[in-house]
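K.L.:
using only what follows, build the 3D model:
(chains A and B)
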Amino acid sequence: MKTNPDLTIEEFDQLMNWLDPDRSRAAERYEQIRNRLIRLFLNRQCSEAEDLADETINRVAKKPEEWKNTYKGEQMRYFHGVARNVYLEYVRDRTRKIEIPDLGVSPEREAYLVCLEICLEKLPAENKELIVPYYQERKRAKIESHRDLGQSLNLNPGALRARVHRIRAKLKACIEDCISRSNLSNDNKVSGIYR
Amino acid sequence: MGEQSADDVVLRRYLLADIDEKQRDALEERLFSDDDFAETLSLAQSSLIDDYVFNALSPTDRQLFEKNFILNDERKKDLLLSQAFEIYSEPKTEPVPNKAEPKDKRSWWTRCLSFIQTHKVEMGFSLATVVLLVFFTPGIFRWIKSKGSIDGSRASIERRISEYNRRPFTTQSLSLRSQELSLQPTLLRGGSELQRLEIASGVELVNLKLELIGPQYGHYSAVFKTVEGDDLFSVDGLVPDDNRTVLLRIPSEFLTSNDYQVALIGIAPDGGRIEAPAYSLRVIKRS
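P.N.:
Below is the predicted model:
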(Lines give C-alpha, C1' and ligand atoms only; values in the text may rest on other atoms or scores of the structure.)
Protein backbone atom coordinates (compact mmCIF):
# COMPACT_ATOMS: atom_id res chain seq x y z
CA MET A 1 0.00 0.00 0.00
CA LYS A 2 1.47 3.34 -1.02
CA THR A 3 1.42 5.63 2.01
CA ASN A 4 1.10 9.38 1.86
CA PRO A 5 4.39 11.02 2.88
CA ASP A 6 2.68 14.26 3.92
CA LEU A 7 0.73 12.69 6.77
CA THR A 8 1.99 12.29 10.31
CA ILE A 9 1.79 8.87 11.90
CA GLU A 10 -1.02 10.03 14.16
CA GLU A 11 -3.04 11.43 11.26
CA PHE A 12 -2.51 8.27 9.27
CA ASP A 13 -3.52 6.02 12.18
CA GLN A 14 -6.64 8.06 12.82
CA LEU A 15 -7.64 7.80 9.21
CA MET A 16 -7.04 4.07 9.09
CA ASN A 17 -9.06 3.53 12.28
CA TRP A 18 -11.91 5.44 10.73
CA LEU A 19 -11.79 3.35 7.57
CA ASP A 20 -11.89 0.14 9.57
CA PRO A 21 -10.86 -0.92 13.09
CA ASP A 22 -9.17 -3.95 11.52
CA ARG A 23 -5.90 -2.69 10.06
CA SER A 24 -5.68 -5.10 7.13
CA ARG A 25 -9.26 -4.32 6.06
CA ALA A 26 -8.50 -0.63 6.51
CA ALA A 27 -5.50 -0.99 4.19
CA GLU A 28 -7.69 -2.61 1.53
CA ARG A 29 -10.24 0.15 1.91
CA TYR A 30 -7.50 2.78 1.63
CA GLU A 31 -6.27 1.25 -1.62
CA GLN A 32 -9.80 0.98 -2.97
CA ILE A 33 -10.51 4.64 -2.21
CA ARG A 34 -7.18 5.78 -3.63
CA ASN A 35 -7.73 3.82 -6.86
CA ARG A 36 -11.21 5.26 -7.29
CA LEU A 37 -9.88 8.76 -6.75
CA ILE A 38 -7.10 8.21 -9.29
CA ARG A 39 -9.64 6.96 -11.79
CA LEU A 40 -11.89 9.95 -11.17
CA PHE A 41 -9.07 12.42 -11.78
CA LEU A 42 -7.87 10.56 -14.86
CA ASN A 43 -11.37 10.61 -16.29
CA ARG A 44 -11.36 14.35 -15.77
CA GLN A 45 -8.16 14.60 -17.85
CA CYS A 46 -5.83 15.26 -14.93
CA SER A 47 -2.45 13.81 -15.81
CA GLU A 48 -1.31 14.13 -12.18
CA ALA A 49 -4.12 11.91 -10.99
CA GLU A 50 -2.05 10.13 -8.37
CA ASP A 51 -0.87 13.38 -6.82
CA LEU A 52 -4.39 14.73 -6.73
CA ALA A 53 -5.67 11.53 -5.14
CA ASP A 54 -3.00 11.80 -2.45
CA GLU A 55 -3.88 15.47 -1.93
CA THR A 56 -7.51 14.47 -1.43
CA ILE A 57 -6.62 11.82 1.13
CA ASN A 58 -4.28 14.34 2.79
CA ARG A 59 -7.04 16.83 3.28
CA VAL A 60 -9.42 14.27 4.69
CA ALA A 61 -6.81 12.95 7.10
CA LYS A 62 -5.80 16.40 8.31
CA LYS A 63 -9.35 17.32 9.37
CA PRO A 64 -10.55 14.49 11.58
CA GLU A 65 -12.85 16.86 13.44
CA GLU A 66 -15.03 16.94 10.33
CA TRP A 67 -15.61 13.21 10.11
CA LYS A 68 -14.37 11.40 13.20
CA ASN A 69 -17.47 11.60 15.38
CA THR A 70 -19.81 13.64 13.22
CA TYR A 71 -19.96 12.20 9.69
CA LYS A 72 -22.41 9.36 9.43
CA GLY A 73 -22.62 8.77 5.69
CA GLU A 74 -20.76 6.50 3.28
CA GLN A 75 -16.99 7.10 3.55
CA MET A 76 -16.45 6.84 -0.16
CA ARG A 77 -18.88 9.72 -0.75
CA TYR A 78 -16.96 11.89 1.71
CA PHE A 79 -13.75 11.40 -0.23
CA HIS A 80 -15.64 12.05 -3.46
CA GLY A 81 -16.86 15.38 -2.11
CA VAL A 82 -13.35 16.48 -1.14
CA ALA A 83 -12.02 15.28 -4.51
CA ARG A 84 -14.40 17.58 -6.33
CA ASN A 85 -12.97 20.58 -4.49
CA VAL A 86 -9.42 19.45 -5.19
CA TYR A 87 -10.30 19.15 -8.86
CA LEU A 88 -11.80 22.64 -9.00
CA GLU A 89 -8.65 24.11 -7.52
CA TYR A 90 -6.51 22.12 -9.94
CA VAL A 91 -8.45 23.43 -12.90
CA ARG A 92 -8.13 27.00 -11.68
CA ASP A 93 -4.41 26.57 -11.26
CA ARG A 94 -3.79 24.79 -14.50
CA THR A 95 -0.23 25.85 -15.21
CA ARG A 96 0.85 22.24 -15.35
CA LYS A 97 1.60 20.83 -18.75
CA ILE A 98 -0.05 17.56 -19.71
CA GLU A 99 2.50 15.33 -21.36
CA ILE A 100 1.04 12.74 -23.63
CA PRO A 101 3.17 9.56 -23.82
CA ASP A 102 4.59 8.65 -27.21
CA LEU A 103 2.20 6.13 -28.74
CA GLY A 104 4.44 4.96 -31.57
CA VAL A 105 7.03 2.20 -31.82
CA SER A 106 9.39 2.16 -28.87
CA PRO A 107 11.80 -0.14 -27.03
CA GLU A 108 9.13 -0.34 -24.34
CA ARG A 109 6.69 -1.86 -26.76
CA GLU A 110 9.23 -4.43 -27.86
CA ALA A 111 9.91 -5.32 -24.23
CA TYR A 112 6.19 -5.79 -23.68
CA LEU A 113 5.97 -8.11 -26.66
CA VAL A 114 8.80 -10.33 -25.48
CA CYS A 115 7.48 -10.49 -21.92
CA LEU A 116 3.99 -11.17 -23.24
CA GLU A 117 5.25 -14.33 -24.92
CA ILE A 118 6.99 -15.40 -21.74
CA CYS A 119 3.95 -14.70 -19.57
CA LEU A 120 1.52 -16.42 -21.92
CA GLU A 121 3.51 -19.60 -21.46
CA LYS A 122 2.99 -19.28 -17.71
CA LEU A 123 -0.79 -18.95 -18.00
CA PRO A 124 -2.98 -21.99 -17.25
CA ALA A 125 -3.84 -23.68 -20.54
CA GLU A 126 -7.57 -22.83 -20.30
CA ASN A 127 -6.76 -19.11 -19.92
CA LYS A 128 -4.26 -19.09 -22.74
CA GLU A 129 -6.73 -20.94 -24.96
CA LEU A 130 -9.27 -18.24 -24.31
CA ILE A 131 -7.28 -15.02 -24.53
CA VAL A 132 -5.10 -15.87 -27.53
CA PRO A 133 -7.98 -16.78 -29.87
CA TYR A 134 -9.91 -13.78 -28.54
CA TYR A 135 -7.22 -11.37 -29.73
CA GLN A 136 -6.53 -13.31 -32.90
CA GLU A 137 -10.15 -12.93 -33.86
CA ARG A 138 -10.03 -9.24 -32.93
CA LYS A 139 -7.15 -8.93 -35.34
CA ARG A 140 -9.36 -10.46 -38.01
CA ALA A 141 -12.24 -8.24 -36.83
CA LYS A 142 -14.66 -11.12 -36.50
CA ILE A 143 -17.39 -10.49 -33.97
CA GLU A 144 -19.10 -13.73 -34.94
CA SER A 145 -16.06 -15.70 -33.81
CA HIS A 146 -16.27 -14.05 -30.41
CA ARG A 147 -19.81 -15.38 -30.17
CA ASP A 148 -18.62 -18.83 -31.23
CA LEU A 149 -15.77 -18.68 -28.73
CA GLY A 150 -18.18 -17.59 -26.02
CA GLN A 151 -20.72 -20.24 -26.91
CA SER A 152 -18.12 -22.99 -26.89
CA LEU A 153 -17.29 -21.97 -23.30
CA ASN A 154 -20.90 -21.34 -22.31
CA LEU A 155 -20.27 -17.62 -21.90
CA ASN A 156 -22.33 -14.72 -23.23
CA PRO A 157 -20.35 -11.89 -24.89
CA GLY A 158 -20.33 -9.81 -21.71
CA ALA A 159 -19.07 -12.68 -19.58
CA LEU A 160 -16.42 -13.50 -22.20
CA ARG A 161 -15.12 -9.93 -22.14
CA ALA A 162 -15.12 -9.94 -18.34
CA ARG A 163 -13.10 -13.14 -18.25
CA VAL A 164 -10.62 -11.85 -20.83
CA HIS A 165 -10.30 -8.68 -18.77
CA ARG A 166 -9.37 -10.67 -15.65
CA ILE A 167 -6.80 -12.75 -17.51
CA ARG A 168 -5.41 -9.59 -19.01
CA ALA A 169 -4.96 -8.07 -15.54
CA LYS A 170 -2.91 -11.11 -14.48
CA LEU A 171 -0.84 -10.91 -17.63
CA LYS A 172 -0.17 -7.24 -17.05
CA ALA A 173 1.18 -7.93 -13.55
CA CYS A 174 3.37 -10.74 -14.92
CA ILE A 175 4.69 -8.57 -17.76
CA GLU A 176 5.56 -5.71 -15.42
CA ASP A 177 7.43 -8.13 -13.20
CA CYS A 178 9.21 -9.54 -16.24
CA ILE A 179 10.25 -6.10 -17.43
CA SER A 180 11.40 -4.94 -14.00
CA ARG A 181 13.50 -8.10 -13.60
CA SER A 182 15.05 -7.59 -17.00
CA ASN A 183 15.84 -3.97 -16.04
CA LEU A 184 17.35 -5.04 -12.70
CA SER A 185 19.71 -7.40 -14.50
CA ASN A 186 21.30 -4.24 -16.01
CA ASP A 187 20.75 -5.58 -19.46
CA ASN A 188 18.62 -3.13 -21.45
CA LYS A 189 18.26 -5.50 -24.34
CA VAL A 190 15.48 -8.00 -23.76
CA SER A 191 16.28 -11.02 -25.85
CA GLY A 192 13.49 -12.94 -27.35
CA ILE A 193 11.66 -13.80 -30.47
CA TYR A 194 10.81 -10.87 -32.66
CA ARG A 195 8.14 -11.09 -35.32
CA MET B 1 -15.90 -2.79 -32.72
CA GLY B 2 -17.71 -5.49 -30.87
CA GLU B 3 -21.25 -5.55 -29.54
CA GLN B 4 -21.83 -2.57 -27.27
CA SER B 5 -24.73 -2.24 -24.89
CA ALA B 6 -26.27 1.16 -24.12
CA ASP B 7 -24.27 1.26 -20.88
CA ASP B 8 -21.07 0.60 -22.81
CA VAL B 9 -21.84 3.50 -25.13
CA VAL B 10 -22.33 5.93 -22.24
CA LEU B 11 -19.25 4.73 -20.38
CA ARG B 12 -17.18 5.15 -23.52
CA ARG B 13 -18.35 8.73 -23.94
CA TYR B 14 -17.40 9.31 -20.30
CA LEU B 15 -13.91 7.87 -20.76
CA LEU B 16 -13.36 10.00 -23.85
CA ALA B 17 -14.61 13.07 -21.95
CA ASP B 18 -17.41 13.48 -24.48
CA ILE B 19 -20.25 13.80 -21.99
CA ASP B 20 -21.98 16.74 -20.32
CA GLU B 21 -21.26 17.74 -16.74
CA LYS B 22 -24.58 16.53 -15.31
CA GLN B 23 -24.14 13.05 -16.75
CA ARG B 24 -20.49 12.96 -15.70
CA ASP B 25 -21.39 13.85 -12.12
CA ALA B 26 -24.08 11.16 -12.03
CA LEU B 27 -21.65 8.51 -13.28
CA GLU B 28 -18.95 9.54 -10.84
CA GLU B 29 -21.45 9.48 -8.00
CA ARG B 30 -22.14 5.90 -8.96
CA LEU B 31 -18.45 5.09 -9.29
CA PHE B 32 -18.00 5.98 -5.65
CA SER B 33 -21.03 4.13 -4.34
CA ASP B 34 -21.26 0.98 -6.47
CA ASP B 35 -18.40 -1.55 -6.48
CA ASP B 36 -19.82 -3.47 -9.43
CA PHE B 37 -19.96 -0.28 -11.44
CA ALA B 38 -16.26 0.40 -10.77
CA GLU B 39 -15.50 -3.02 -12.25
CA THR B 40 -17.76 -2.31 -15.24
CA LEU B 41 -15.88 0.93 -15.86
CA SER B 42 -12.57 -0.92 -15.70
CA LEU B 43 -13.86 -3.35 -18.33
CA ALA B 44 -15.04 -0.46 -20.51
CA GLN B 45 -11.57 1.04 -20.24
CA SER B 46 -9.86 -2.14 -21.50
CA SER B 47 -12.36 -2.40 -24.30
CA LEU B 48 -11.69 1.20 -25.36
CA ILE B 49 -7.95 0.63 -25.43
CA ASP B 50 -8.36 -2.55 -27.48
CA ASP B 51 -10.61 -0.74 -29.94
CA TYR B 52 -8.02 2.01 -30.33
CA VAL B 53 -5.19 -0.44 -30.96
CA PHE B 54 -7.22 -2.66 -33.29
CA ASN B 55 -8.42 0.37 -35.30
CA ALA B 56 -12.04 0.04 -34.32
CA LEU B 57 -12.54 3.66 -33.26
CA SER B 58 -13.91 6.40 -35.49
CA PRO B 59 -11.43 9.16 -36.45
CA THR B 60 -13.14 11.51 -33.98
CA ASP B 61 -12.90 9.01 -31.16
CA ARG B 62 -9.26 8.33 -31.96
CA GLN B 63 -8.51 12.01 -31.55
CA LEU B 64 -10.44 12.13 -28.27
CA PHE B 65 -8.59 9.04 -27.07
CA GLU B 66 -5.18 10.57 -27.80
CA LYS B 67 -6.15 13.91 -26.32
CA ASN B 68 -8.22 12.95 -23.27
CA PHE B 69 -7.56 9.36 -22.32
CA ILE B 70 -3.86 8.48 -22.36
CA LEU B 71 -2.70 10.74 -19.59
CA ASN B 72 -0.56 8.68 -17.28
CA ASP B 73 1.87 5.76 -17.17
CA GLU B 74 -0.71 3.30 -15.95
CA ARG B 75 -2.92 3.78 -18.98
CA LYS B 76 0.13 3.76 -21.19
CA LYS B 77 1.00 0.31 -19.82
CA ASP B 78 -2.49 -0.92 -20.71
CA LEU B 79 -2.00 0.49 -24.18
CA LEU B 80 1.38 -1.24 -24.53
CA LEU B 81 -0.20 -4.54 -23.51
CA SER B 82 -2.88 -4.20 -26.17
CA GLN B 83 -0.27 -3.24 -28.74
CA ALA B 84 1.76 -6.32 -27.80
CA PHE B 85 -1.32 -8.50 -28.29
CA GLU B 86 -1.97 -6.84 -31.62
CA ILE B 87 1.48 -7.79 -32.86
CA TYR B 88 1.33 -11.23 -31.27
CA SER B 89 -1.99 -11.95 -32.95
CA GLU B 90 -0.62 -11.58 -36.48
CA PRO B 91 -1.92 -14.59 -38.38
CA LYS B 92 0.75 -17.16 -39.08
CA THR B 93 0.56 -19.55 -42.05
CA GLU B 94 1.65 -23.06 -41.36
CA PRO B 95 2.18 -25.74 -43.94
CA VAL B 96 -0.67 -28.23 -43.98
CA PRO B 97 0.64 -31.79 -43.83
CA ASN B 98 -0.32 -33.72 -46.91
CA LYS B 99 -1.77 -36.98 -45.73
CA ALA B 100 -3.40 -39.11 -48.34
CA GLU B 101 -6.45 -40.91 -46.98
CA PRO B 102 -6.53 -44.58 -47.84
CA LYS B 103 -9.47 -45.35 -50.10
CA ASP B 104 -12.29 -47.25 -48.37
CA LYS B 105 -13.04 -50.31 -50.50
CA ARG B 106 -15.93 -51.65 -48.44
CA SER B 107 -19.46 -51.77 -49.85
CA TRP B 108 -21.75 -48.87 -49.02
CA TRP B 109 -23.93 -51.12 -46.82
CA THR B 110 -20.95 -52.26 -44.78
CA ARG B 111 -19.88 -48.61 -44.42
CA CYS B 112 -23.40 -47.69 -43.24
CA LEU B 113 -23.43 -50.41 -40.61
CA SER B 114 -19.96 -49.42 -39.50
CA PHE B 115 -21.08 -45.78 -39.21
CA ILE B 116 -24.14 -46.71 -37.13
CA GLN B 117 -22.05 -48.88 -34.85
CA THR B 118 -19.49 -46.17 -34.22
CA HIS B 119 -22.11 -43.43 -33.74
CA LYS B 120 -24.68 -45.28 -31.63
CA VAL B 121 -25.26 -42.38 -29.23
CA GLU B 122 -25.75 -39.78 -31.95
CA MET B 123 -28.10 -42.09 -33.85
CA GLY B 124 -30.11 -42.64 -30.67
CA PHE B 125 -30.52 -38.89 -30.13
CA SER B 126 -31.49 -38.36 -33.75
CA LEU B 127 -34.17 -41.06 -33.54
CA ALA B 128 -35.55 -39.59 -30.31
CA THR B 129 -35.72 -36.15 -31.93
CA VAL B 130 -37.68 -37.52 -34.91
CA VAL B 131 -40.17 -39.23 -32.59
CA LEU B 132 -40.66 -36.06 -30.54
CA LEU B 133 -41.20 -33.99 -33.66
CA VAL B 134 -43.82 -36.39 -34.97
CA PHE B 135 -45.78 -36.12 -31.73
CA PHE B 136 -45.36 -32.41 -31.03
CA THR B 137 -45.47 -30.82 -34.48
CA PRO B 138 -49.27 -30.55 -34.64
CA GLY B 139 -49.25 -28.78 -31.25
CA ILE B 140 -46.53 -26.41 -32.45
CA PHE B 141 -48.56 -25.49 -35.51
CA ARG B 142 -51.60 -24.83 -33.35
CA TRP B 143 -49.50 -22.53 -31.14
CA ILE B 144 -48.15 -20.65 -34.14
CA LYS B 145 -51.67 -20.15 -35.40
CA SER B 146 -52.82 -18.80 -32.01
CA LYS B 147 -49.80 -16.49 -31.87
CA GLY B 148 -51.03 -14.96 -35.05
CA SER B 149 -54.12 -13.80 -33.21
CA ILE B 150 -51.97 -12.48 -30.31
CA ASP B 151 -49.81 -10.63 -32.82
CA GLY B 152 -52.99 -9.26 -34.33
CA SER B 153 -53.97 -7.73 -30.96
CA ARG B 154 -50.48 -6.31 -30.52
CA ALA B 155 -50.62 -4.79 -33.99
CA SER B 156 -53.88 -3.09 -33.06
CA ILE B 157 -52.40 -1.71 -29.82
CA GLU B 158 -49.33 -0.44 -31.63
CA ARG B 159 -51.47 1.28 -34.26
CA ARG B 160 -53.44 3.12 -31.61
CA ILE B 161 -50.37 4.14 -29.66
CA SER B 162 -48.71 5.35 -32.85
CA GLU B 163 -51.66 7.63 -33.51
CA TYR B 164 -51.11 9.34 -30.15
CA ASN B 165 -47.42 9.79 -30.85
CA ARG B 166 -47.83 11.24 -34.33
CA ARG B 167 -46.54 14.74 -34.84
CA PRO B 168 -48.05 17.25 -35.01
CA PHE B 169 -50.09 15.97 -32.09
CA THR B 170 -53.71 15.36 -32.86
CA THR B 171 -56.37 17.39 -31.07
CA GLN B 172 -57.68 14.10 -29.74
CA SER B 173 -54.43 13.39 -27.86
CA LEU B 174 -54.22 16.98 -26.61
CA SER B 175 -57.74 17.01 -25.24
CA LEU B 176 -57.41 13.86 -23.18
CA ARG B 177 -56.85 13.99 -19.46
CA SER B 178 -53.17 13.12 -19.11
CA GLN B 179 -50.46 12.54 -16.54
CA GLU B 180 -46.75 13.04 -17.02
CA LEU B 181 -43.57 11.45 -15.66
CA SER B 182 -39.93 12.26 -16.44
CA LEU B 183 -37.74 9.19 -16.57
CA GLN B 184 -33.97 9.06 -16.12
CA PRO B 185 -31.99 6.21 -17.68
CA THR B 186 -31.57 3.22 -15.40
CA LEU B 187 -27.76 3.50 -15.74
CA LEU B 188 -27.72 6.86 -13.96
CA ARG B 189 -29.99 5.67 -11.18
CA GLY B 190 -27.79 2.76 -10.08
CA GLY B 191 -29.44 0.72 -7.36
CA SER B 192 -32.17 3.27 -6.58
CA GLU B 193 -35.83 2.22 -6.40
CA LEU B 194 -37.86 2.21 -9.59
CA GLN B 195 -39.44 5.50 -10.56
CA ARG B 196 -43.14 5.34 -9.75
CA LEU B 197 -46.09 6.37 -11.83
CA GLU B 198 -49.33 6.41 -9.92
CA ILE B 199 -52.08 6.75 -12.51
CA ALA B 200 -54.99 8.58 -10.94
CA SER B 201 -58.54 7.57 -11.66
CA GLY B 202 -59.84 9.15 -14.88
CA VAL B 203 -56.43 9.67 -16.47
CA GLU B 204 -56.63 8.60 -20.12
CA LEU B 205 -53.15 9.29 -21.42
CA VAL B 206 -49.71 8.86 -19.86
CA ASN B 207 -46.86 11.05 -21.12
CA LEU B 208 -43.41 9.60 -20.43
CA LYS B 209 -40.56 12.08 -20.90
CA LEU B 210 -37.45 9.99 -21.50
CA GLU B 211 -34.29 11.96 -20.69
CA LEU B 212 -31.52 11.25 -23.18
CA ILE B 213 -27.85 10.73 -22.41
CA GLY B 214 -24.97 10.11 -24.77
CA PRO B 215 -25.25 10.72 -28.52
CA GLN B 216 -28.59 12.06 -29.77
CA TYR B 217 -30.31 10.79 -32.90
CA GLY B 218 -32.91 12.33 -35.16
CA HIS B 219 -35.47 9.58 -34.57
CA TYR B 220 -36.05 6.88 -32.01
CA SER B 221 -38.07 3.73 -31.57
CA ALA B 222 -39.24 2.67 -28.14
CA VAL B 223 -39.95 -0.88 -27.04
CA PHE B 224 -42.14 -1.30 -23.98
CA LYS B 225 -41.41 -4.50 -22.04
CA THR B 226 -42.10 -6.27 -18.79
CA VAL B 227 -39.13 -6.44 -16.39
CA GLU B 228 -38.80 -10.10 -17.41
CA GLY B 229 -37.98 -8.82 -20.88
CA ASP B 230 -41.20 -9.76 -22.75
CA ASP B 231 -42.00 -7.23 -25.47
CA LEU B 232 -45.46 -5.68 -25.09
CA PHE B 233 -45.47 -3.11 -27.88
CA SER B 234 -43.18 -0.81 -29.80
CA VAL B 235 -43.53 2.71 -31.16
CA ASP B 236 -41.56 4.17 -34.07
CA GLY B 237 -40.93 7.66 -35.31
CA LEU B 238 -40.30 9.38 -31.96
CA VAL B 239 -38.45 12.68 -32.27
CA PRO B 240 -36.41 14.27 -29.44
CA ASP B 241 -37.18 17.84 -28.38
CA ASP B 242 -34.75 20.70 -27.65
CA ASN B 243 -34.39 19.60 -24.02
CA ARG B 244 -32.89 16.23 -24.98
CA THR B 245 -36.01 14.27 -24.09
CA VAL B 246 -38.17 11.92 -26.08
CA LEU B 247 -41.89 12.05 -25.36
CA LEU B 248 -43.74 8.73 -25.40
CA ARG B 249 -47.51 8.83 -25.07
CA ILE B 250 -49.39 5.72 -23.97
CA PRO B 251 -53.15 5.40 -23.40
CA SER B 252 -53.55 4.39 -19.76
CA GLU B 253 -55.87 1.53 -20.74
CA PHE B 254 -52.79 -0.35 -22.00
CA LEU B 255 -51.00 -0.13 -18.66
CA THR B 256 -51.71 -2.22 -15.58
CA SER B 257 -50.12 -2.10 -12.13
CA ASN B 258 -46.76 -3.65 -12.88
CA ASP B 259 -43.05 -3.00 -13.35
CA TYR B 260 -41.96 -2.09 -16.86
CA GLN B 261 -38.89 -1.33 -18.94
CA VAL B 262 -38.65 1.01 -21.89
CA ALA B 263 -35.81 0.33 -24.31
CA LEU B 264 -34.97 3.24 -26.58
CA ILE B 265 -33.35 2.65 -29.98
CA GLY B 266 -31.68 5.48 -31.88
CA ILE B 267 -32.14 5.49 -35.65
CA ALA B 268 -28.94 6.64 -37.41
CA PRO B 269 -29.12 8.59 -40.68
CA ASP B 270 -28.18 5.41 -42.59
CA GLY B 271 -31.07 3.57 -40.98
CA GLY B 272 -28.89 1.72 -38.51
CA ARG B 273 -30.47 0.96 -35.16
CA ILE B 274 -28.33 1.81 -32.15
CA GLU B 275 -29.28 0.76 -28.66
CA ALA B 276 -29.77 3.86 -26.54
CA PRO B 277 -30.34 4.00 -22.75
CA ALA B 278 -33.07 1.94 -21.07
CA TYR B 279 -35.59 3.14 -18.49
CA SER B 280 -37.51 1.37 -15.73
CA LEU B 281 -40.71 2.33 -13.97
CA ARG B 282 -43.37 0.99 -11.65
CA VAL B 283 -46.96 1.68 -12.62
CA ILE B 284 -49.63 1.77 -9.95
CA LYS B 285 -53.15 2.20 -11.17
CA ARG B 286 -55.64 3.77 -8.84
CA SER B 287 -59.17 2.75 -9.57
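
K.L.:
okay, now the unreliable bits of the chain?
P.N.:
Since you didn't name a chain, this refers to chain A. Scanning chain A for pLDDT under 70 picks out the ranges A:1-5, A:93-105, A:141-153, A:184-195.

K.L.:
chain B, not that one
P.N.:
B:1-4, B:91-107, B:110, B:141-152, B:167-175, B:187-193, B:287.

K.L.:
so where's the longest strand in it?
P.N.:
For chain B, the strand reaching the highest residue count under DSSP state E is reported as strand B:273-285.

K.L.:
just want the most central residue of chain A.
P.N.:
residue A:35 (6.8 Å; C-alpha atoms, centre = their mean).

K.L.:
for the helix or strand hosting that residue, buried residues please.
P.N.:
Here residue A:35, judged by DSSP states H and E, is contained in helix A:23-42. Using 16 or more other C-beta atoms under 10 Å in any protein chain shown as the test for burial, helix A:23-42 gives A:26, A:29, A:30, A:33, A:34, A:36, A:37, A:38, A:39, A:40, A:41, A:42. From N, CA and C alone the C-beta is placed, and that goes for glycine too.

K.L.:
that one near chain B at all?
P.N.:
Yes. Using C-beta under 8 Å from any C-beta of the partner chain, we find that helix A:23-42 touches chain B at A:36, A:38, A:39, A:40, A:42.

K.L.:
ok, and the closest non-adjacent residue to residue A:41?
P.N.:
Nearest non-adjacent residue to residue A:41, counting by C-beta to C-beta, 6 or more residues apart in numbering or on different chains: residue A:49, 3.7 Å away.

K.L.:
surely the one you found and residue A:90 touch.
P.N.:
No. Between residue A:49 and residue A:90 there is no contact under C-beta atoms under 8 Å: 10.1 Å.

K.L.:
who are the packing partners of the helix or strand harbouring residue B:222?
P.N.:
Residue B:222 belongs to strand B:219-226 when assigned by DSSP H and E. With contacts taken as 3 or more C-beta pairs under 8 Å, 6 or more residues apart in numbering or on different chains; DSSP states H and E, strand B:219-226 sits against strand B:231-238, strand B:245-251, strand B:258-267.

K.L.:
try 6 Å this time
P.N.:
With contacts defined as 3 or more C-beta pairs under 6 Å, 6 or more residues apart in numbering or on different chains; DSSP states H and E, the packing partners of strand B:219-226 are strand B:231-238, strand B:258-267.

K.L.:
what residues does chain A have near chain B?
P.N.:
A:36, A:40, A:42, A:45, A:47, A:49, A:76-77, A:80, A:101, A:109, A:112-113, A:116, A:135-136, A:138-139, A:157, A:165, A:172 (C-beta under 6 Å from any C-beta of the partner chain).

K.L.:
rewinding a little: okay, residue A:49 and residue A:90: which has more neighbours?
P.N.:
Each of residue A:49 and residue A:90 has its neighbours counted (other C-beta atoms under 10 Å in any protein chain shown); residue A:49 has more, 21 against 17.

K.L.:
ok, now which ones touch that one?
P.N.:
Shown in contact with residue A:49 (C-beta atoms under 6 Å, 6 or more residues apart in numbering or on different chains): A:38, A:41, A:42, B:72.

K.L.:
try residue A:138
P.N.:
residue B:54.

K.L.:
ok, now which ones touch residue B:70?
P.N.:
By C-beta under 6 Å, 6+ apart, the contact set of residue B:70 is empty.

K.L.:
how far off centre is the longest helix seen in chain A?
P.N.:
In chain A, assigned by DSSP state H, the helix with the most residues is helix A:157-184. Distance, stretch centre to chain centre, for helix A:157-184: 11 Å (C-alpha atoms, centre = their mean, to the nearest Å).

K.L.:
thinking again about what came up before, let's see the ChimeraX selection covering just the buried ones among the residues of chain A next to chain B.
P.N.:
In ChimeraX, this line selects whichever of the residues of chain A next to chain B come out buried by 16+ other C-beta under 10 Å:
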select /A:36,40,42,47,49,76,80,101,109,112,113,116,135,136,138,139,157,165,172
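
K.L.:
residue B:179 belongs to a helix, doesn't it?
P.N.:
No. In this structure, residue B:179 is strand, not part of a helix, as judged by DSSP: H, G, I helix; E, B strand; the rest coil.

K.L.:
number of residues surrounding the residue lying closest to residue A:175 once chain neighbours are set aside?
P.N.:
Leaving aside its chain neighbours, residue A:175 sits nearest to residue A:115 (4.4 Å; criterion: C-beta to C-beta, 6+ apart). Residue A:115 has 24 neighbouring residues, counting by other C-beta under 10 Å.

K.L.:
residue contacts, residue A:115?
P.N.:
Residue A:115 touches A:175, A:178, A:179, counting by C-beta under 6 Å, 6+ apart.

K.L.:
so which of these is surrounded by the most neighbours?
P.N.:
Ranking those using other C-beta under 10 Å puts residue A:175 first, with 24 neighbours.

K.L.:
other residues contacting stretch B:268-284?
P.N.:
Stretch B:268-284 is contacted by residues B:6, B:183, B:185-186, B:194-198, B:210, B:213, B:255, B:257-266 when judged by C-beta under 6 Å, 6+ apart.

K.L.:
can you map out the helices along the chain?
P.N.:
I went with chain A, as the question did not name one. Secondary structure of chain A by DSSP H: the helices cover A:9-19, A:23-42, A:49-61, A:75-92, A:107-122, A:125-139, A:143-152, A:157-184.

K.L.:
hm, I was asking about chain B
P.N.:
Using DSSP H, helices in chain B cover B:6-15, B:21-31, B:35-53, B:59-64, B:73-88, B:108-118, B:120-164, B:171-175, B:186-189.

K.L.:
any idea how far residue A:140 lies from residue B:244?
P.N.:
Distance, residue A:140 to residue B:244, by C-beta to C-beta, to the nearest Å: 38 Å.

K.L.:
swap in residue B:237?
P.N.:
The spacing between residue B:237 and residue B:244, counted by C-beta to C-beta, is 18 Å.

K.L.:
among the helices and strands packed on strand B:219-226, which is nearest residue B:29?
P.N.:
Closest to residue B:29 of those is strand B:258-267 (C-beta to C-beta; 22.3 Å).

K.L.:
residues making contact with that closest one?
P.N.:
B:217, B:219-225, B:227, B:273-274, B:276, B:278-283.

K.L.:
can you say which of those are buried?
P.N.:
Neighbour counting by 16+ other C-beta under 10 Å classes B:217, B:220-222, B:224-225, B:274, B:276, B:278-281, B:283 among these as buried.

K.L.:
I'd like the residues you listed laid out as TSV, including distance to residue A:124.
P.N.:
Formatted as TSV, the buried ones among the contacts of strand B:258-267 follow (distance: C-beta to C-beta, whole Å):
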residue	distance to residue A:124
B:217	44
B:220	46
B:221	45
B:222	46
B:224	46
B:225	40
B:274	38
B:276	40
B:278	37
B:279	42
B:280	40
B:281	45
B:283	49
